[in-house]
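S.K.: Below are the sequence and a predicted model for it; my questions follow.
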Amino acid sequence: MSEPGPESVPTSADPRSKRPTKRRAVTPHSEHATQIDTLFKDPSKEIKLPGAPRAHTSSSLAPPPEIVANVQGSSAGAGSGEFHVYKASRRREYERLRLMQAEVDKEKNNADWEKQREEAKRKDDEKTEKNRRRREKKRAARGGNKDSGKPSMDVDKPSTKGPKPPSRAIDQTADGGEGHQPAEEVPGVIIHEDD
């Protein structure tokens, strides 16, 4: 350490120093503020954001060598540089095996999940069908929907309750026969078929 005196070289922390003090971000807030200030110094500069990290798979690793000329054990070349070569190759192989096992486990979990989902869907469909049969049986036992006070949900059948459609008077001709009915507009959809 240097002694405090005029002959010692002042540092930026020393009040006698003429050098600017180094600004260090001490909190996450101040660090973030410093980064934003740096970005705003040159707004025209393009900002490059890092891409999303890629998932490591066994296919993303370098393939193992096809021909291994010098096969060695864990004690071969101990104490020399060859031991580190062995350790590196072993680490690569273990990583490759771990990734392959992870892929197999993931496929197995996906298959199990699909099986459980199909089973739950089948049970839901069975319960829905059972409830539908029970509702139909109950409806048939009370004679359709005529006895209940609830209106029918069938849109094809005209409703027996509610406002009645306007009655159309039939014109009688002088000879007592029936004439044609006066045309009234009935609200609804008119479908024209093209022949």
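M.R.: Thanks, I have it.
S.K.: Flag the shaky bits of this structure, pLDDT-wise.
M.R.: Across the chain, the stretches falling below the confidence threshold (pLDDT under 70) are 1-15, 17, 20-25, 72-80, 144-183, 185-186, 195.
S.K.: Please enumerate the strands of it.
M.R.: Taking DSSP state E as the test, none of the chain falls into strands.
S.K.: longest single helix anywhere in it?
M.R.: Counting by DSSP state H, the longest helix found in the chain is helix 82-141.
S.K.: which helices and strands sit right next to it?
M.R.: In terms of contacts (3 or more Cβ pairs under 8 Å, 6 or more residues apart in numbering; DSSP states H and E), helix 82-141 is packed against no helix or strand at all. Where you see a C-beta, it was placed from the backbone N, CA and C, and this is true even at glycine.
S.K.: now the closest residue to residue 39 other than its chain neighbours: how far from residue 16?
M.R.: Excluding the flanking residues, the one nearest residue 39 by Cβ to Cβ, 6 or more residues apart in numbering is residue 47, at 6.8 Å. Distance, residue 47 to residue 16, using Cβ to Cβ, to the nearest Å: 41 Å.
S.K.: Just want to know which of these two has more residues nearby.
M.R.: A direct count of neighbours by other Cβ atoms under 10 Å for residue 47 and residue 16 places residue 16 higher, at 9 against 6.
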